[in-house]
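**Q** sharing a sequence plus its predicted fold:
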Amino acid sequence: MRNDIVQVVTEYKEGTELKRKISDELFAEKKSATRSEFYAAYSSGLSARYVFEMDPEDFEACGVSIQEGDITQKYYPVHILFQGEEFEISRTYVTAAGDIEITVK
């Protein structure tokens, strides 16, 4: 059940400035990182803290597109805010059920 509230942070460049877009509150389900996710992250020097499951359309809507001349640059979310802490997104995975799982460290 998606009863946890998160915000998604996207960092992007606009001209020479680095900016941050923080989403509205979104519903997600917080899960513990599984043993396999934890050890896979650990073996590559990372640490998996949580996995958040949410609607992929909500997640995609948090991205930012910047038009510079004929080129459109798409920036994707890089952090999740949860209970006053900011976590770095280390992996996203779309499940067969059409949900997106976001692993954070």
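**A** Sure, I can see it.
**Q** alpha carbons only for contacts and neighbour counts from here, please
**A** Noted.
**Q** what's near enough to touch Arg49?
**A** Contact analysis of Arg49 by Cα atoms under 8 Å, 6 or more residues apart in numbering lists Ser32, Ala33, Phe38, Thr103, Val104, Lys105.
**Q** for the last one, give me the pLDDT.
**A** In the predicted model, Lys105 carries a pLDDT score of 86.
**Q** and the gap between it and Arg91?
**A** Distance of Lys105 to Arg91, computed by Cα to Cα, to the nearest Å: 9 Å.
**Q** quick one: which of these two has more around it?
**A** Lys105 (19 against 14; other Cα atoms under 10 Å).
**Q** so how far is Phe27 from the more buried one?
**A** Distance of Lys105 to Phe27, given as Cα to Cα: 19 Å.
**Q** ok, Val104 next?
**A** Val104 is 16 Å from Phe27, by Cα to Cα.
**Q** of these two, who's got more company?
**A** Each of Val104 and Phe27 has its neighbours counted (other Cα under 10 Å); Val104 has more, 22 against 18.
**Q** wait, what's in contact with that one?
**A** Going by Cα under 8 Å, 6+ apart, Val104 touches Ala48, Arg49, Tyr50, Val51, Phe52, His79, Ile80, Phe87, Glu88, Ile89, Ser90, Arg91.
**Q** let's go with 6 Å and repeat that
**A** Counting by Cα atoms under 6 Å, 6 or more residues apart in numbering, Val104 touches Ala48, Arg49, Tyr50, Phe87, Glu88, Ile89, Ser90.
**Q** so what's it bridging to?
**A** Counting by DSSP bridges, Val104 forms beta bridges with Tyr50, Ile89.
**Q** what residues sit buried inside stretch 16-33?
**A** Ile22, Ser23, Leu26, Phe27, Ala28, Lys30, Ala33 (16 or more other Cα atoms under 10 Å).
**Q** Throw the residues you listed into JSON lines and include pLDDT, secondary structure and distance to Pro56, thanks.
**A** Output for these, formatted as JSON lines (pLDDT from 0 to 100; DSSP: H, G, I helix; E, B strand; the rest coil; distance: Cα to Cα, whole Å):
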{"residue": "Ile22", "pLDDT": "96", "secondary structure": "strand", "distance to Pro56": "17"}
{"residue": "Ser23", "pLDDT": "95", "secondary structure": "coil", "distance to Pro56": "14"}
{"residue": "Leu26", "pLDDT": "96", "secondary structure": "strand", "distance to Pro56": "11"}
{"residue": "Phe27", "pLDDT": "96", "secondary structure": "strand", "distance to Pro56": "11"}
{"residue": "Ala28", "pLDDT": "96", "secondary structure": "strand", "distance to Pro56": "11"}
{"residue": "Lys30", "pLDDT": "93", "secondary structure": "strand", "distance to Pro56": "15"}
{"residue": "Ala33", "pLDDT": "71", "secondary structure": "coil", "distance to Pro56": "19"}
